[in-house]
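In: build me a model from this:
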Amino acid sequence: MRTLLLGLALLLALPTWAAAETDRPNFLVILCDDLGYGDLACYGNPTIKTPNLDALAKQGMRLTACYASAPVCSSSRAGLMTGRTPSRVGVYDWIPADNVMHLRQSETTVASLLQDAGYDTCHVGKWHLNGKFNSDEQPQPGDQGFAHWFSTQNNAAPTHANPTNFVRNGEPVGKQDGYACQVVADEAIRWLKSGRDDEKPFFAFVCFHEPHEPIASPDELVAHYGDAKKKGEALYYANVENMDSAVGRLMSAIDQLKLADNTLVYFTSDNGPETLNRYRSAWRSHGSPGPLRGMKLHIYEGGIRVPGILRFPGRIQPGGESDEPICGLDILPTLCELAGVAAPTDQTLDGASFAKSLQGEKVDRPALLFWHYYNAIGPAKVAIRDGDWKLVAHVALGEKKFGGNFRPEMSQAIKQAKLSTLELYNLADDLAETNDLAAEKPEVVARLAKQLQAKYDAVLAEAPDWEMAQK
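Out: The predicted model follows:
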């Protein structure tokens, strides 16, 4: 944290950012799919080659307490886009094709706020914020603030190799040659070079499908991992390396266009890693949560703590590291502050701007970090973090069983489920969450439980009942 405080004091020192149109920063947010906390070399992976992301971390700052908004993809993306806890906006789980769940038009997104303020905007890659993709029955990326979009509903299909399901601005484009991450990088680079309005600042949201199943990787990269012992390991490692290569190409384009000095780059993942522990047939899923407990779909750290790298040349000290907790929910208020754009006041925001921390101050977080995932693996479904303390709550479902994908009739059951058993962890001393201190620290439990219950109640009181909800 000390490195952060000393090295980033210049960031936001110029109040003219909000006043001068030409000085407003550009934003490039890069989101991976199921990339684990332990999947990058700069986060301790001893095998996977990630030279471009390692370089990005050296050029900028590595976040060691970076969180996703949720331990599952659609929910996490909804939180990032709105700054609101995903259950509050009704994206309770991942969204299957044709599902009723979607990010409603009534929600204000970071893209729409920046677009209204004069930014050119682009979404490339995985969307996963509606079930009825490329249909007028639900909002599409273009309805949520993106002037240009080249997207898929969920995964690249049929695999990462030569995907066939991309849509550009409402028009299906057919088979694309190459691997999904490179296809996505190609489109983003084309837009940066010739598709955007270069008289405007830009917000580009680049969402890789990697390393989510169904995984496919170039043979020449698979060959880098000839010592891999388990079936699918080399394929997975090569998949992450291929994504790293795509990031390198994006950074090179930013540098070649001389945009680096005024572009904040934020790289992260939507949730923790998929592993062989969940799908017997997922022989390619060899993601690592590093030292963390759990994985994707867990409310423990392995499900929600993810890699996070920030780069802003000249304004972030190269090689910095921060243990300040930062969450996907914070993206909307942070980018708004950096751009001089007023955050919405007609909707409750659960995230907080971390811009002040880049001036050497702590994040001014009015509400504690909070996660809820009704369908989490294991009984722990809700968590709250206060400093080093993390309180985890089980949920008593009674006779209700939630198996399978979200269905509209589940809305009321989700909202009526009650908190039960509490677990308490000190993350500074016990990052792996192995020592439950609830019995030893009843006063801490009591204080945090009160805040957890209040937040849980408020979030679910606002959450839509999809059985009754309107578009």
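
In: nearest residue to the middle of this protein?
Out: Among the residues of the chain, the smallest C-alpha distance to the mean C-alpha position (Cα atoms, centre = their mean) belongs to Asp270, namely 3.4 Å.

In: and for Leu292, the neighbour number?
Out: If you count neighbours by other Cβ atoms under 10 Å, Leu292 ends up with 24. In this view, the C-beta of every residue, glycine as well, is placed from N, C-alpha and C.

In: host element of it?
Out: For Leu292, there is no enclosing helix or strand under DSSP states H and E.

In: for it, phi and psi?
Out: When read as degrees, to the nearest 10, the backbone of Leu292 gives phi -90, psi 160.

In: next, Ile309: phi, psi?
Out: The phi and psi torsions at Ile309 (degrees, to the nearest 10) take the values phi -130, psi 130.

In: now it: closest residue in space, sequence neighbours ignored.
Out: The shortest distance from Ile309 to any residue that is not its chain neighbour, by Cβ to Cβ, 6 or more residues apart in numbering, is 4.4 Å, and that residue is Phe267.

In: pretty sure the one you found contacts Ala55?
Out: No: at 11.6 Å, Phe267 does not count as touching Ala55 under the criterion of Cβ atoms under 8 Å.

In: the two: who's more crowded?
Out: More neighbours sit around Phe267 than around the other of Phe267 and Ala55, counting by other Cβ under 10 Å; the figures are 28 against 16.

In: pretty sure that one belongs to a helix, no?
Out: No: going by DSSP: H, G, I helix; E, B strand; the rest coil, the assignment for Phe267 is strand, not a helix.

In: ok, now which ones touch it?
Out: 30, 32, 53, 56, 247, 307-310 (Cβ atoms under 8 Å, 6 or more residues apart in numbering).

In: and the gap between it and Leu431?
Out: Taking Cβ to Cβ, to the nearest Å as the measure, Phe267 and Leu431 are separated by 22 Å.

In: would you map the helices across the stretch 151-300 of the chain?
Out: Per DSSP state H, counting those that start in this stretch, the stretch 151-300 of the chain has helices spanning 180-190, 219-222, 233-256. These are given in chain order.

In: show me which positions of the last one end up buried.
Out: In other words, helix 233-256. By neighbour count, and taking 16 or more other Cβ atoms under 10 Å as the criterion, the buried residues in helix 233-256 are 233-251, 253-254.

In: nearest spatial neighbour of Phe133, chain-adjacent residues omitted?
Out: Nearest-residue entry for Phe133: Gln153, 3.4 Å, with adjacent residues in sequence omitted and distances by Cβ to Cβ, 6+ apart.

In: roughly how far apart are the one you found and Asn165?
Out: Here Gln153 is placed at a distance of 7 Å from Asn165 (Cβ to Cβ).

In: which residue is the nearest non-sequential neighbour of Tyr300?
Out: If you skip the residues right next to it in sequence, Tyr300 has Gly294 as its closest partner in space, 3.6 Å away by Cβ to Cβ, 6+ apart.

In: tell me who's in contact with that neighbour.
Out: Gly294 makes contact with 71, 272, 300-303, 377-378 under the criterion Cβ under 8 Å, 6+ apart.
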